[in-house]
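> predicted model follows, preceded by the sequence.
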Amino acid sequence: MTAGGGMPKSVVIDSFAESVTRYRDGWAVVVVDVIRATTTAVTAAAGGRRCFPAPNVAAALAIAGSLSNPLLAGESSGAMPASFEMDNSPAQLAGRTDTHRPLILVSSSGTRVIHEATGCEAVYLACFRSYSRLAVHLARRHPRVAVIGAGSKGEFREEDQICCAWIAAALMRRGYAPGSARTTEVVGRWRDAAPTACLCSRSVDFLRRTGQLRDLDFILGHIDDLPQVFEIRNGEVRTVDPGSASAAKSKTVQDVRFSQERQLEINELQQKNAQLGRSWVAVRGEFDDR
């Protein structure tokens with residue numbers, strides 16, 4: 001299928017910061033780091049807090065010097081850097097009330113991918129909290145989409161594969177062709193996976209070993225619950241309301257169809273969330289006992 005201008009509609013799943021250079025011209029890039037950078041970033045922006053992802057500690061400190069009373073958060077090689085106030089923790093961030101303080105976020109993988117995507121046609125963030133509305137937004141605006149999992153220590157982690165597959169599958173239902181054999185494989189494996197399918201991930205094991213399962217609780221307790229789309233503009237995470245006049249053109253028959261499909265997806269998701277809540281409660285004790 002082709003976009004209005006005749007360009008074929010294609011979606012590609014890829015991974016790691018090094019892959020981003022393949023998608024500079026004519027691609028919208030979606031960065032996925034479920035555990036935990038993109039979850040933390042969208043949680044900040046959804047709560048009204050300014051958020052500036054930084055590729056490393058030095059860059060974060062440089063950004064901090066230009067802002068008033070910034071909140072430095074994140075990790076480098078799994079540890080919170082000296083002079084930082086908090087880890088890369090969406091649960092901890094959600095519990096804070098100082099939303100007037102701009103967040104400067106560093107992570108070993110996710111914020112590096114975001115930085116590498118600078119210069120791409122458009123850059124979006126996705127996680128378990130925000131994917132179905134993003135897919136609708138992408139389908140209306142971008143004929144070529146690269147969904148990139150941040151990965152960690154050379155591994156394309158399961159949680160990122162799941163989120164990438166959900167987004168790519170939603171686009172494929174809207175006429176996008178898979179742009180690689182890998183895309184087809186990842187979508188085929190994970191498109192119908194429950195969020196708890198990520199429990200086998202080494203990222204989850206890291207949270208368990210370091211006593212940070214509160215973040216896993218947060219991630220699995222907030223599935224597609226945000227109405228906004230999140231993009232990077234001028235180095236900052238910005239929210240886009242897909243229903244706003246500035247974000248959408250006048251409604252077409254296709255727009256109405258997308259809206260109807262999205263409502264069906266949300267209804268299905270609500271049923272899955274009810275099942276997820278029970279299943280996660282059932283296994284949560286096993287993690288506490290390890």
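Received it, and whenever you're ready, just let me know what you need.
> tell me the average confidence for the helix or strand where I232 lies?
Taking DSSP states H and E as the definition, I232 sits inside strand 229-233. The pLDDT scores in strand 229-233 average 97.
> tell me which strands it pairs with, and in which orientation.
strand 122-126 (antiparallel), strand 236-240 (antiparallel) (DSSP bridges).
> which helices and strands sit right next to the helix or strand following the first one?
Spelled out, that is strand 122-126. Per DSSP H and E, the first helix or strand lying C-terminal to strand 122-126 is helix 132-141. Packing partners of helix 132-141 (3 or more Cβ pairs under 8 Å, 6 or more residues apart in numbering; DSSP states H and E): strand 28-32, strand 122-126, helix 158-173, strand 229-233, helix 253-289. In this view, the C-beta of every residue, glycine as well, is placed from N, C-alpha and C.
> list the buried residues in the strand holding I232.
Neighbour counts over strand 229-233 (16 or more other Cβ atoms under 10 Å) mark 229-232 as buried.
> and the strands paired with strand 229-233: which comes nearest F218?
strand 122-126 (16.3 Å; Cβ to Cβ).
> where does the stretch 1-150 of the chain dip in pLDDT?
1-6 (pLDDT under 70).
> could you redo the last one with a cut-off of 50?
1-4 (pLDDT under 50).
> can you pull out the helices in it?
37-46, 57-64, 90-94, 110-116, 132-141 (DSSP state H, counting those that start in this stretch).
> which residue would you name as the spatial centre of this structure?
Centroid check for the chain by Cα atoms, centre = their mean gives A126 as the closest residue, at 2.0 Å.
> pretty sure it sits against V147.
Yes: between A126 and V147 there is a contact under Cβ atoms under 8 Å: 7.4 Å.
> between those two, which contacts overlap?
30, 32, 167 (Cβ atoms under 8 Å, 6 or more residues apart in numbering).
> and N234, how many neighbours does it have?
By the criterion of other Cβ atoms under 10 Å, N234 has 7 neighbours.
> check V147 too.
32.
> against W27, how distant is it?
Distance from V147 to W27, counting by Cβ to Cβ, to the nearest Å: 10 Å.
> number of nearby residues for the closest residue to N69 other than its chain neighbours?
Counting by Cβ to Cβ, 6 or more residues apart in numbering, R101 is the residue found nearest to N69 once chain neighbours are left out, at 5.3 Å. R101 has 16 neighbours, counted by other Cβ under 10 Å.
> for R101, what are its contacts?
49, 69-71.
> which one of the buried residues of strand 229-233 is nearest to T40?
Closest to T40 out of the buried residues of strand 229-233 is F230 (11.6 Å), distances taken as Cβ to Cβ.
> my guess is the closest one contacts T43. True?
No: under the criterion of Cβ under 8 Å, F230 makes no contact with T43, lying 10.0 Å away.
> rewinding a little: out of the strands paired with strand 229-233, which gets nearest to I63?
strand 236-240 (9.8 Å).
> contact partners of that closest one?
The contact list for strand 236-240 (Cβ under 8 Å, 6+ apart) reads 41-42, 44-46, 50-53, 125, 137, 228-232, 247.
> weed out the non-buried ones from the residues you listed.
Judged by 16+ other Cβ under 10 Å, buried ones among those: 41-42, 44-46, 50-53, 125, 137, 228-232.
> now stretch 164-175: how far from the chain's centre is it?
15 Å (Cα atoms, centre = their mean, to the nearest Å).
> what residues are up against A45?
Here A45 is in contact with 51, 228, 230, 237-239 (Cβ under 8 Å, 6+ apart).
> between those, which is nearest E185?
For the contacts of A45, the nearest to E185 is F230 (27.0 Å; Cβ to Cβ).
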